[in-house]
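Novice: Here's my sequence, what's the structure:
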Amino acid sequence: MSLRLVESLGTTEPLSEIFSDSALLTAMLQFEVALARAESRVGVIPAAAADAIARAAVPGAFDASGIACEARKTGTIVIPFVDALIARVGAVDPAASTFVHWGATSQDVSDTALALSLARALPILQSDHEQLTTALRRLSNQHADTIMLGRTLLQPAPPITFGLKAAGWFAAVSRTGAQMIAAGHGACVLQFGGASGTLAALGPHGPAVAAELARELDLKDPGAPWHAHRDRLASLVTACGVYCATLAKIARDVTLLMQHEVAEVAEPGGGSSTMPHKQNPVACGIALAAATRVPGLVAAFLAAMPHEHERGVGAWAAEAPTLVAVVQATGAALASVRDAVGSLRVDADRMRANLAATGGVVFAERAMMLLAPALGREAARCIIADALATARRDGQPFAAALAANAEAAAALTPIELSSMDSPEAYLGAADELRRRLLDELRNPGTSE
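Specialist: Numbers count the residues shown, from 1 in each chain. Model (predicted):
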């Protein structure tokens, strides 16, 4: 299965395969075969009919394009699909064709096929998530003592460590990824209700058939149909939205740190069609593109939730393509950030140089915390403002300008003056906080 050009940056090859036409047909056939087997075991249809349906359910024998075209007339892909399956079974065993799709409705097929597809997609997302959290934990530990500028409102702030920044990424990814995976498992449930959600066509056997069908498909039996209640799917969609935005936060930070004027980190990136010197943040760009698309898709899914009565008009048809797009975009963002973090190059010397290039003005907060108790807040503010103005005007370090002020020199100890612009002396609880973030939520499956 190859990626379509138009979706090449919006999914991954494994996810594209899972949601391909052939895979969806396979899932729909899996439902119909499992339904026949469950009904034969309960005694609703003959065992010979179930065997004939299974023999006829060959995915390659179905024309996906033809089914899609007919769906424009029927309002669902399931009706032409079932018609094609009936014809196939009729060719094998005419009597058995009567029992195709017995007691089910179109939404049972489409919703359960979607659940089966999600069940196949989740291990891919979980594996990539675990690889990413492992890489982020390793990155944080490797750079526990790598000092860099903090940046607030895109302007220089007191120093932090790159290890703390990476730990923040790790904790957010761990939290939101766990929520997404849990929501995904919650959405992998059987939908089976028949025409209006009562299983009336199966008489007293309905609940037993549903239980057998869930076992056959290895899906959870929710106990009752959920055809008009889309909260499980919505929980997955919204969790993907939050997770995708969390991944984009990492991508945004990396792209900003990767700018030529900053040059503190770099992902492998890609080149330009016209500028040979360029190293573009390609992986981060894919993640940011996903984060641009997904919020609108989340809103579309939520807008479709209020189904009318026992089956909605239009809203149900809007869900599957929206959900699939969200899952694939999230998977694309995840795989890209995983690759970027796993091969991220960190330039600790450049981080130090950018910090030094501020001339120490980022330590004005430290000066305030030392001077205010001795001189009062307003007096300290005036002294610091004068020192900052002098440093900027004369191009001298802030610490030197502050030490030249008699009041400041008298209020501060020699050690405080000499270490005023020492980053190591003003990291506070950075490493304790870093370790707390790494221990906040250990991702299942990681050993670090």
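Novice: only C-alpha atoms for contact and neighbour calcs from this point on.
Specialist: Will do.
Novice: Spell out the residue ranges of the strands in this structure.
Specialist: Along the chain, counting by DSSP state E, strands occupy 147-152, 155-161, 265-266, 345-346.
Novice: nearest to residue 317, of those strands?
Specialist: Each of the strands of the chain has some distance to residue 317 by C-alpha to C-alpha; the shortest is strand 265-266, at 42.8 Å.
Novice: hmm, who's touching the closest one?
Specialist: Strand 265-266 is contacted by residues 254, 257-258, 281, 344-347 when judged by C-alpha atoms under 8 Å, 6 or more residues apart in numbering.
Novice: Okay, now the sheet partners of that strand, with direction.
Specialist: Partner strands and pairing direction for strand 265-266 (DSSP bridges) are strand 345-346 (antiparallel).
Novice: Give me the mean pLDDT for the strand it pairs with.
Specialist: Strand 345-346 shows a mean pLDDT of 96.
Novice: same check, this time on stretch 267-283
Specialist: Rounded mean pLDDT across stretch 267-283 is 73.
Novice: picking that back up, can you add neighbour count and distance to residue 292 and give the contacts of strand 265-266 back as TSV?
Specialist: As requested, the contacts of strand 265-266 are exported to TSV (neighbours: other C-alpha atoms under 10 Å; distance: C-alpha to C-alpha, whole Å):
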residue	neighbour count	distance to residue 292
254	22	17
257	17	20
258	20	20
281	22	16
344	17	23
345	14	26
346	19	27
347	13	29
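Novice: Which single one of the residues you listed is nearest to residue 323?
Specialist: residue 281 (27.5 Å).
Novice: dump the residue contacts of that closest one.
Specialist: Per C-alpha under 8 Å, 6+ apart, neighbours of residue 281: 255, 258, 266-270.
Novice: which stretches of the stretch 301-448 of the chain aren't confidently modelled?
Specialist: Scanning the stretch 301-448 of the chain for pLDDT under 70 picks out 441-448.
Novice: For residue 371, which non-adjacent residue is spatially closest?
Specialist: residue 380 (5.6 Å; C-alpha to C-alpha, 6 or more residues apart in numbering).
Novice: returning to that earlier point: filter the contacts of residue 281 down to the ones in helices?
Specialist: Among the contacts of residue 281, DSSP state H puts 255, 258 in helices.
Novice: Between the contacts of residue 281, which sits nearest residue 407?
Specialist: Using C-alpha to C-alpha, the contacts of residue 281 come closest to residue 407 at residue 258, 41.9 Å.
Novice: in stretch 341-354, what's buried?
Specialist: By neighbour count, with 16 or more other C-alpha atoms under 10 Å as the criterion, the buried positions of stretch 341-354 are 341-342, 344, 346, 348, 351-352, 354.
Novice: Let's have the residues you listed in CSV, adding distance to residue 402.
Specialist: Formatted as CSV, the buried residues of stretch 341-354 follow (distance: C-alpha to C-alpha, whole Å):
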residue, distance to residue 402
341, 40
342, 43
344, 38
346, 33
348, 28
351, 24
352, 22
354, 21
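Novice: And those, which is closest to residue 416?
Specialist: For the buried residues of stretch 341-354, the nearest to residue 416 is residue 352 (20.8 Å; C-alpha to C-alpha).
Novice: Now for the closest one: which residues touch it?
Specialist: Residue 352 sits in contact with 147-148, where contact means C-alpha under 8 Å, 6+ apart.
Novice: And it, how close does it get to residue 424?
Specialist: 11 Å (C-alpha to C-alpha, to the nearest Å).
Novice: Overlap in contacts, the two.
Specialist: Joint contacts of residue 352 and residue 424 (C-alpha under 8 Å, 6+ apart) are residue 147.
Novice: ok, residue 252 - how many residues close by?
Specialist: Counted with other C-alpha atoms under 10 Å, residues neighbouring residue 252 total 17.
Novice: show me the contacts for it.
Specialist: 284, 288.
Novice: just residue 295 next, same as before
Specialist: residue 241.
Novice: if I look at it, how far off is residue 244?
Specialist: Counting by C-alpha to C-alpha - residue 295 and residue 244 are separated by 9 Å.
Novice: ok, now residue 152?
Specialist: 23 Å.
Novice: The two: who's more crowded?
Specialist: residue 244 (31 against 9).
Novice: Verify the stated contact: that one with residue 291.
Specialist: Yes: proximity of residue 244 to residue 291 meets the contact threshold set by C-alpha atoms under 8 Å, at 5.8 Å.
Novice: Could you tell me which residues touch both of the two?
Specialist: residue 333.
Novice: Now for residue 102: which residues touch it?
Specialist: Applying C-alpha under 8 Å, 6+ apart, the residues near residue 102 are 35-36.
Novice: How many neighbouring residues does residue 413 have?
Specialist: Per other C-alpha under 10 Å, the neighbour tally for residue 413 reads 12.
Novice: Appreciated, that's everything.
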